[in-house]
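[1] quick one: sequence plus predicted model below, questions after.
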Amino acid sequence: MAKIAFIGLGNMGGPMAANLLKAQHQVAAFDLSAKALEAAVAAGASRAADVAAAVKGAEVVITMLPAGKHVREVYEGAVLGAAAKGALLIDCSTIDVESARHVAAAAAKAGLDMVDAPVSGGVGGATAGTLTFMVGGPDAAFARAKPILEKMGRNIVHAGASGNGQAAKICNNMMLGITMIGTCEAFMMAKRLGLDAQKLFDIASTASGQSWALTSYCPVPGPVPTSPANRDYAAGFTAAMMLKDLMLAQDAARSVGASTPMGAEAAQLFSLFVGSGSGSVDFSGIIRMIDGR
């Protein structure tokens, strides 16, 4: 089994590291949060004093960090200097494409294999080990990373060159944000027209209105028992995280001159929702704002 350094043990990173431990890998863990680090140690990880200590001697380094600036700081400030010769670097953060490609180039210059591998599937998928990984990087690096990623996810997709994992993630989540808003609007219009939510679900879920936002994450209570709507919108994927991804998508669109009017509108609506104090609510909870609540 591999010796793995895991940096960033939050809501996603913590359960991901736990699944690596269940697969009998050795995990040296570090997080700025003492509580998050304690949870990883309780699951069987060894405690590292800092990033460099975690990375020292590791065959694989995995990071799950909040934003591009943190990824740049951690890799340029500690990982690239401390990583052993031949180590594989896997960044699972969701960040801007430019930062992903910048860090990958620095890793290549240092003679290290690296992939960007953002995830989809939320906390539930991280806990169950059923995440989807969208992976960018050279073929050889992907081949090395895949067996590790398979211990944390079910679908491991090579999206192409460095940065393409991030490109796939933000395109996917832009579609999701747009689709969720449209789904919420339809249910609230149906409510005012006197159409029962279950009836709309039964029809749309087998008709042309079908989508993942509807059939897996229905934003009204009842039709999909596992959706956050049945838990008062307790987050599986917060509105703040959706806003982050939509803003990353807008930044990327501007950088390449892509037209994304619906993506821009979705970003504005989620900005209003998060600005109202609902950042920690599940992103499907935006139906409350659309309903006027």
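    Yes, it's here.
[2] check which helix or strand the spatially closest residue to residue 279 that is not a sequence neighbour maps to.
    Leaving aside its sequence neighbours, residue 279 sits nearest to residue 240 (Cβ to Cβ, 6 or more residues apart in numbering; 3.6 Å). Every residue, glycine included, has its C-beta placed from N, CA and C. Using DSSP states H and E, the element containing residue 240 is helix 239-256.
[3] which secondary structure elements does that helix contact?
    When contacts are defined as 3 or more Cβ pairs under 8 Å, 6 or more residues apart in numbering; DSSP states H and E, helix 239-256 sits against helix 97-109, helix 164-193, helix 261-273.
[4] surely residue 133 forms part of a strand?
    Yes - according to DSSP: H, G, I helix; E, B strand; the rest coil, residue 133 belongs to a strand.
[5] re earlier: pLDDT value on the residue nearest to residue 279, please?
    We have a pLDDT of 96 for residue 240.
[6] what's around residue 30, how many residues?
    26 (other Cβ atoms under 10 Å).
[7] that one and residue 283, how far apart?
    29 Å (Cβ to Cβ, to the nearest Å).
[8] returning to that earlier point: so how far is the helix holding residue 240 from its chain's centroid?
    Offset of helix 239-256 from its chain centre (Cα atoms, centre = their mean, to the nearest Å): 13 Å.
[9] could I get the full set of strands for the protein?
    Assigned by DSSP state E, the chain shows strands spanning 3-7, 26-30, 46-47, 60-63, 88-91, 113-116, 119-120, 131-136, 153-160.
[10] low-confidence ranges in the stretch 151-293 of the chain?
    For the stretch 151-293 of the chain, no stretch has pLDDT under 70.
[11] on that earlier part again, buried residues of the helix holding residue 240, list them for me.
    239-250, 252-253 (16 or more other Cβ atoms under 10 Å).
[12] domain ranges for this structure?
    Split into domains by automatic domain parsing, the chain comes to 3-161, 167-290.
[13] can you give me how far the shortest one is from the chain middle?
    Taking Cα atoms, centre = their mean, one finds domain 167-290 lying 16 Å from the centre of the chain it belongs to.
[14] can you get me a residue count around residue 266?
    Residue 266: 27 surrounding residues under other Cβ under 10 Å.
[15] could you find the closest non-adjacent residue to it?
    That would be residue 177: by Cβ to Cβ, 6+ apart, it lies 4.4 Å from residue 266.
[16] what's the burial count for that neighbour?
    Other residues close to residue 177 by other Cβ under 10 Å number 26.
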